[in-house]
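**Student:** Predicted model, plus sequence, below.
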Amino acid sequence: MSDIHYKIVEHDGGWAYKVGDVFSETFPTHDRALAAARDASSRQELAGETAGIQYQDGSGVWHEEVARGDDRPHADVVDGEASRA
């Protein structure tokens, strides 16, 4: 299982966290973006219920799988500002 990294970045006149190519909402301060990223990353690791899921891939083919509730990735927050402080 891979790790998920929440990166704190300047975005749209403020600050956001980014996971892969996806940005969060924009926060007015770095500290608020950092707090939101820490909250999101901690919830990422919480176990849930095992459930059947269906999804469509990029080719339009539908798939069915069982998603285990205890199969959670490790998540962390990468804060470039911390190294400048």
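**Tutor:** Perfect, thanks for sending it. Numbers count the residues shown, from 1 in each chain.
**Student:** Quick one: distance of the helix or strand hosting Ala16 to the chain centre.
**Tutor:** Secondary structure assignment for Ala16, by DSSP states H and E: strand 14-19. Chain-centre distance of strand 14-19: 11 Å, with C-alpha atoms, centre = their mean, to the nearest Å.
**Student:** Likewise for stretch 7-14?
**Tutor:** 15 Å.
**Student:** Start the count at 193 instead of 1 going forward.
**Tutor:** Got it, first residue is 193 now, which makes that one stretch 199-206.
**Student:** Take it, keep the C-alpha atoms, and write them as PDB.
**Tutor:** In PDB, the C-alpha atoms belonging to stretch 199-206 read as follows (Å, rounded to 0.1, in the frame of the first residue of the first chain):
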ATOM      1  CA  LYS A 199       1.600  19.100   0.700                       C
ATOM      2  CA  ILE A 200       1.100  22.600   1.900                       C
ATOM      3  CA  VAL A 201       1.400  25.000  -1.000                       C
ATOM      4  CA  GLU A 202       0.600  28.600  -1.900                       C
ATOM      5  CA  HIS A 203      -2.500  28.600  -4.000                       C
ATOM      6  CA  ASP A 204      -5.000  31.100  -5.500                       C
ATOM      7  CA  GLY A 205      -3.900  34.100  -3.300                       C
ATOM      8  CA  GLY A 206      -3.700  32.000  -0.100                       C
END
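**Student:** pLDDT-wise, which helix or strand of this structure ranks last?
**Tutor:** Least confident helix or strand, the chain: helix 272-276 with a mean of 58, by mean pLDDT, DSSP states H and E.
**Student:** Could you name the helices and strands sitting against the strand holding Ala208?
**Tutor:** Packed against strand 206-211 by the contact rule (3 or more C-beta pairs under 8 Å, 6 or more residues apart in numbering; DSSP states H and E) you find strand 196-203, helix 222-236. (Glycine included, C-beta is placed from N, CA and C.)
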